[in-house]
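**Q** What follows is a protein structure lacking sequence information:
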């Protein structure tokens, strides 16, 4: 059954597709507001970088602590880059593409490569027959049971929290993003994006080493990048990996239904909402990705039905780490233990 919401005044149930027409009026960005969001994000980021550099003469631990704090601002920078990729940040596509490319140097993410793979994620999310790009690998219970011992072990290792949230983020942003993986044979544009970003990152690192040796790289650059990567991967995980998320086979899959029902509303405290640029309002974002992040709270204010949909608190999100497989019979994510108890070893 399609997800519906009781929308006053007529009391009619709205489907996910109906909501697209409602949300269209929120899509227009404000150039002034977008510039302001850039300034209030980049200025503290640069100041904290300078403060961390100055703190090296005081103590290494103080430097690392400031760098870790700055990782939160780097998360916000990535979220602004994310909006640029959806063409929701400025009216000018060229302006937001170049802003996105510049921010991609800070986030270690080749903008054009990421924009393409992320668009595939939006177009195919929740489709069991179109998995593979831009998603956290999720097997069905039947697929897992059909694997041999080595295949099951590899999947268990992949879904282990140590791999997903400790090793994985650093691998993804520090190493994997250096090549246009998934688009290797899709044209020169993606190679230019990856290699151009790599070259600029190399220049930045060379300048840092020339000015301060390896110390600022080890104490500032890497901690800031790793913390931001870890937080970013966690946010992406909980936005789609929750118990009552939505997956369907190709013949039953519907784009808008998967977008709304398969994305969470991650209810964060106000400071974290600001630092993550409202990315927790992910169900609305997936349903209409052209809405600027700073307009998403307006939608929750105007439409209580969406504010109450797919709510996931930080405490509840911790339980999602124990969910590993999609149970097609129950239409929910389940754990290895629950699958074993229900279907046998």
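**A** That came through fine. Remember, it's a predicted structure, so these values are computed and weren't measured experimentally.
**Q** separation between the residue positioned nearest the centre of the chain and residue 264?
**A** Nearest to the geometric centre of the chain sits residue 236, at 3.8 Å (Cα atoms, centre = their mean). For residue 236, the distance to residue 264 equals 11 Å [Cβ to Cβ, to the nearest Å]. (C-beta placed from N, C-alpha, C; glycine too.)
**Q** same check, this time on residue 206
**A** From residue 206 across to residue 264, the span is 41 Å (Cβ to Cβ).
**Q** how near is the residue nearest to the centre of the chain to residue 187?
**A** From residue 236 to residue 187 the distance is 26 Å (Cβ to Cβ).
**Q** Output the below-cut-off pLDDT ranges for the stretch 51-200 of the chain.
**A** Scanning the stretch 51-200 of the chain for pLDDT under 70 picks out nothing.
**Q** Helices along that one, start to end?
**A** 60-85, 93-107, 111-124, 141-146, 149-158, 161-162, 168-170, 188-212 (DSSP state H, counting those that start in this stretch).
**Q** Can you lay out those as CSV showing distance to residue 225 and mean neighbour count?
**A** Output for the helices of the stretch 51-200 of the chain, formatted as CSV (distance: least, Cβ to Cβ, whole Å; neighbours: other Cβ atoms under 10 Å):
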stretch, distance to residue 225, mean neighbour count
helix 60-85, 7, 21
helix 93-107, 8, 19
helix 111-124, 15, 19
helix 141-146, 33, 16
helix 149-158, 22, 12
helix 161-162, 19, 10
helix 168-170, 8, 19
helix 188-212, 10, 15
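**Q** Looking at the ones you listed, which is nearest to residue 286?
**A** helix 111-124 (6.6 Å; Cβ to Cβ).
**Q** That closest one vs helix 93-107, what angle?
**A** 100 degrees (axes from the mean of the first three to the mean of the last three Cα atoms, to 10 degrees).
**Q** Which elements pack onto helix 111-124?
**A** helix 60-85, helix 93-107, helix 188-212 (3 or more Cβ pairs under 8 Å, 6 or more residues apart in numbering; DSSP states H and E).
**Q** Quick check: which of those is nearest to residue 312?
**A** Comparing these by Cβ to Cβ, helix 60-85 comes nearest, at 17.9 Å.
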